[in-house]
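Undergrad: based on what follows, work out the 3D shape:
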Amino acid sequence: MNISRGIVAALLGTTMLASAVAAQQPPTAPAPTNQEKTEAARDLIKLSADGAVAFRALHLARIAIFEADPVAAKKLVADTRAALAKAKVDSTAFQKAESELKAPKGMSDAPAAASGPAVAWLPIDGQLTLGEDFVATPAKAAAVAEANKHLEKGERKQALEKLRLADVSVMFTMALAPLDRTIADVDMAAKLLDEGKYYEANAAMKKAEDGVRYDSVAAIAAPQKAEQKKSQ
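TA: Numbering: from 1, shown residues only. Below is the predicted model of the structure:
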């Protein structure tokens, strides 16, 4: 994902999204509704650490298979299942239809899903970028610098507050795993490993990794003063 002209935060240290600070034009995304803004703020502070652990272990399990180490692969898949079990009850998953997910323009993602029922999505990683309408001023540049300092310390709430007060729009992109489908794929991989079907087990794990989707929404709304002026 090529993110530019923005602050980028590797919130959980995973490799699914960029983790460097860049300064170019970010991808565009459809205008969010007020409800989406509220959901984004909620989800920003509720990323699943257990979900991130699960996907790291899953990726390492695939590497172990490539390196002909089935013992390590089985242990890593067991670790993945344990982490997913914790993630299932960590209150981070949220319901949303797959067709409603809005990946940033330019990001490689699966074809748009047809309209369907809501799915439980596990937010396993996230990334902040400046809005495409960002125009640098001394005050806004200072706010971005302060926000980056907070992000480096993991202080996401403080970073967002700095940006909100400076009237800096911010987009938040989440990497989402379909919880139930992921658990089913990993359970199948464990079964296939026990049967010695390593190629098939790797395919099941790849399916789980390929199931990750992305959603991009506004992370913070306009400052209250600006909203009050509009209503007058």
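Undergrad: can we go C-alpha only for contacts and neighbour counts from here?
TA: OK.
Undergrad: can you list the weak-confidence ranges in this protein?
TA: 1-45, 105-115, 132, 220-232 (pLDDT under 70).
Undergrad: just checking, what's the longest strand in this protein?
TA: Among the elements of the chain assigned as strand by DSSP state E, the one spanning the most residues is strand 118-130.
Undergrad: which helices and strands does the helix or strand that that strand is followed by pack with?
TA: Sequence-wise, the next helix or strand downstream of strand 118-130 (DSSP states H and E) is helix 138-152. Under the contact definition 3 or more C-alpha pairs under 8 Å, 6 or more residues apart in numbering; DSSP states H and E, helix 138-152 sits against helix 156-165.
Undergrad: for the helix it packs on, buried residues please.
TA: Residues of helix 156-165 classed as buried by neighbour count (16 or more other C-alpha atoms under 10 Å): 156, 159-164.
Undergrad: now Gln95: how far from Lys102?
TA: 15 Å (C-alpha to C-alpha, to the nearest Å).
Undergrad: so which of those two has more stuff around it?
TA: Set Gln95 next to Lys102 and count neighbours by other C-alpha atoms under 10 Å: Lys102 wins out with 18 against 12.
Undergrad: next up, phi/psi of that one, please.
TA: phi -130, psi 90 (degrees, to the nearest 10).
Undergrad: my read: it touches Leu176, true?
TA: No: Lys102 is beyond contact range of Leu176, at 11.5 Å (criterion: C-alpha atoms under 8 Å).
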